[in-house]
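> Just the structure for this:
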Amino acid sequence: MTTPPVAIIGGTGFYELLAEATQHSVQTPYGRPSAPIAVGQVAGRTVAFIPRHGSSHEYLPAQVPYRANLWALRELGATQIIGFNTVGSLRRDYRIGDLVLCDQFIDRTYGRQDTIFDHGDVGHISTADPYCLRLRTIAIEALAEGVGRVHPTATVVVTQGPRFSTRAESAWFAAMGWHVLNQTQYPEAVLARELEVCYMNVSYVTDYDVAAKEVVGEEDAEIVTHHAVVAAFRAGSERTQEVIRRLLTAFPETADCTCRTALKEARA
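This next block holds a predicted model:
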């Protein structure tokens, strides 16, 4: 197997991108990943892919084996990871169909296994800038035109799930100035940093959460449902696949940035 320098974590729809993919089962100290990892060719690059929620969407957001997923991708050779998510908008200028490159997160989850440092090996990484600055810079340039509206920055608030927000919560998140919300962006970026792997996020706006009328000013805006999220993402599937191809074409073969030495000053 050719080592895949780039990996994608996303929904099962990304399987369609991989040509003649092979499946790989990887043992990790944290149990089994969400699914066997598919390795194939996209845009002339060897790419690894894992569906975050499992091949049949069997894992709830808090149950996703995040540590096993990240560890397995690194074991297969991935040094650069694209985490793809659907998000709800909390602002009028972030519309359904927009792409978002998140650069900050607010963690409102609880009880998740969110560190690899739990077996006597203690480390304290910096998450001042939780997403790889180098990959984000490359992505902003690669997606500058031809793929619709792209927001180069955003703060995502990550909620526990699986339920969606109350109207009061949604209005509160918007009042805090946060841009989008999601249930799975944490702790992927943190775990990638602890494993010294470059990680960036690409998000696709599928809804306006539940305070749609208050947030985006649309009288007939519908509150979020799972079916609506899936339908909106499927409607933009060709575009999101083009985004992935552009990023893979733009990413260098080797990852040379501070993410790769994140533990240098983090050890206790």
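
> Can you list the residue ranges for helices in the stretch 1-150 of the chain?
Here the stretch 1-150 of the chain has its helices, by DSSP state H, counting those that start in this stretch, at 66-75, 133-142.

> Enumerate the positions of the last one that are buried.
Within helix 133-142, the residues that qualify as buried are 134-136, 138-139, 142, counting by 16 or more other Cβ atoms under 10 Å. Where you see a C-beta, it was placed from the backbone N, CA and C, and this is true even at glycine.

> tell me what that helix is packed against?
On a contact count with 3 or more Cβ pairs under 8 Å, 6 or more residues apart in numbering; DSSP states H and E, helix 133-142 meets strand 198-207, helix 237-250.

> Let's have those in JSON lines, adding mean pLDDT.
Listed next are the helices and strands packed on helix 133-142 as JSON lines, based on pLDDT from 0 to 100:
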{"stretch": "strand 198-207", "mean pLDDT": "93"}
{"stretch": "helix 237-250", "mean pLDDT": "87"}
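
> Out of those, which gets nearest to residue 23?
Nearest to residue 23, of all these, is helix 237-250, at 19.6 Å by Cβ to Cβ.

> In the closest one, which residues are buried?
For helix 237-250, by 16+ other Cβ under 10 Å, it's 240, 243-248.

> Just the local confidence number for residue 66, please.
Residue 66 carries a pLDDT score of 97 in this model.

> Touching, it and residue 187? I think so.
Yes - using Cβ atoms under 8 Å, residue 66 makes contact with residue 187 at a distance of 5.6 Å.

> joint contacts of the two?
112-114 (Cβ atoms under 8 Å, 6 or more residues apart in numbering).

> Out of the helices of the stretch 1-150 of the chain, which gets nearest to residue 164?
helix 66-75 (20.8 Å).

> Excluding its own residues, what touches that closest one? List them.
By Cβ under 8 Å, 6+ apart, helix 66-75 touches 7, 9, 26, 28-34, 37, 48, 50, 52, 81, 112-114, 116, 187-188, 191-192, 195, 197.

> which among these end up buried?
Using 16+ other Cβ under 10 Å, the buried ones in the contacts of helix 66-75 are 7, 9, 26, 28, 30, 33-34, 37, 48, 50, 52, 81, 112-114, 116, 187-188, 191-192, 195, 197.

> Which of these fall in strands?
For the buried ones among the contacts of helix 66-75, the ones inside strands are 7, 9, 37, 48, 50, 81, with DSSP state E as the criterion.

> Stretch 66-78: which residues count as buried?
Across stretch 66-78, burial judged by 16+ other Cβ under 10 Å covers 66-74, 76-78.

> Check stretch 88-101 too.
Neighbour-count burial for stretch 88-101, counted by 16+ other Cβ under 10 Å, picks out 88-91, 94, 96, 98-101.

> Name the weakest-confidence residue in those residues, if you would.
Within those, pLDDT is lowest for residue 96, at 87.
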